[in-house]
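Asks: The following comprises the amino acid sequence and a computationally predicted model.
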Amino acid sequence: MTKILLVEDDKSIVINLTEFLNSEGFEVYNVSGQNDALEIIKTESFDLVLLDVSLSDGNGFVVCRAIKSDLNIPVIFLTASDDEYSTVTGFELGADDYISKPFRPRELVLRIKNILRLTNTKSSVVALGDVTVDTIKGTATKNGKDLYLSALEYRLLLVFLNNRGIVLSRTQLLEAIWDIAGEFVNDNTLTVYIKRLREKIEKNPQSPEIITTVRGLGYKVDE
C-alpha cells in the first residue's frame, strides 16, 4: 500500500483528506508541524509527501529542503491559490508538483498517481507517442534523437507529464514555469513556448496529438 505523509495543520483538511485518500487505497500519516515532520521522516519511510507551506511551528520549505537533501521522496506542495511566491520557491527547492487550495480531491489523487508513476525508478522513462522522457536523467528524445529542449520547454513538458489527464489553464501553466529561466514569462511567451514544444514533439504541430487544446479551458496530455 502506498504510504503518504500529510503535513498540514488545518484539522478539517486533515480529517477530510485522510478519509478520502484512505478510501482511494492510500495509507495516510499526518503531522501538523515542521518539527514533527522532520522527525517522522527520519523514522518512517513514505512514498510521497503532501506538504502545506504554512505550518504551526515553521514552514514547508524547510521540510521540503530536508526531504530533497537526504531522501528520494516526491513532494507535492499545498499552496494558497494566490500565493505565486510559494509556488516558485517550492519548485526551486525540488518540489515535484503543487496544487492550489481549495482543490478537488479527485484531481489531487490524479496528481499523486502521476507523480508516483514518474518518480518510480522502475518507470522513470515515460513515453508520449514517439517521444521518450527520462525524468531521472532529465532528457527528452524523439525516435532516439535528442530533442535539445530548453529549460523552459523541458519544465513545460514535465508539468504536462505530472498532470496527465488534467486540463491545465494558461494561468496554471504560467505559474508552473514562471521564472524557471530567470525571467518573467507572460501569456504571449507561453504561447510561443507551447508552439516550440509542439514543433519538437508532435508528428504534425498543426494537428497536435500529444498536447491537445481544450477550447476555452486550456491544454491537456491524455493519460
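Replies: Yes, it's here. Residues are numbered from 1 along each chain as shown.

Asks: And what about Phe103, helix, strand or coil?
Replies: Three-state assignment for Phe103 (DSSP: H, G, I helix; E, B strand; the rest coil): coil.

Asks: Let me see the backbone angles for it.
Replies: Main-chain torsions, Phe103, degrees, to the nearest 10: phi -120, psi 160.

Asks: again, but for the one 3 residues further on
Replies: Here is the backbone geometry of Arg106 (degrees, to the nearest 10): phi -70, psi -30.

Asks: Could you list the paired strands of whatever helix or strand Thr79 lives in along with their orientation?
Replies: In this assignment (DSSP states H and E), Thr79 forms part of strand 75-80. Each strand paired with strand 75-80, and its direction, by DSSP bridges: strand 48-52 (parallel), strand 97-101 (parallel).

Asks: Name the stretch among those strands that sits most buried.
Replies: strand 48-52 (a mean of 25; mean count of other Cβ atoms under 10 Å). (C-beta placed from N, C-alpha, C; glycine too.)

Asks: can you list the domains in the chain?
Replies: Domains of the chain are assigned by automatic domain parsing as 1-123, 124-223.

Asks: how distant is the longest one from the center of its chain?
Replies: Going by Cα atoms, centre = their mean, to the nearest Å, the spacing between the C-alpha centre of domain 1-123 and its chain's C-alpha centre is 11 Å.

Asks: And Thr212, how close does it get to Arg198?
Replies: 10 Å (Cβ to Cβ, to the nearest Å).

Asks: more neighbours, these two?
Replies: Comparing Thr212 with Arg198 by other Cβ atoms under 10 Å, the one with more neighbours is Arg198, at 19 against 14.

Asks: show me the contacts for that one.
Replies: Counting by Cβ atoms under 8 Å, 6 or more residues apart in numbering, Arg198 touches Pro205, Pro208, Ile210, Ile211.

Asks: State whether the second one and Glu199 are indeed in contact, as I suppose.
Replies: No: proximity of Pro208 to Glu199 does not meet the contact threshold set by Cβ atoms under 8 Å, at 9.9 Å.

Asks: who's more crowded, those two?
Replies: Higher neighbour count among Pro208 and Glu199: Pro208, with 19 against 11, using other Cβ under 10 Å.

Asks: where does that one land in three-state SS?
Replies: What three-state DSSP gives for Pro208 is coil.

Asks: Excluding sequence neighbours, find me the nearest residue to it.
Replies: Spatial nearest neighbour of Pro208, excluding adjacent residues (Cβ to Cβ, 6 or more residues apart in numbering): Glu202 at 4.7 Å.

Asks: swap in Gly90?
Replies: Phe77 (4.2 Å).
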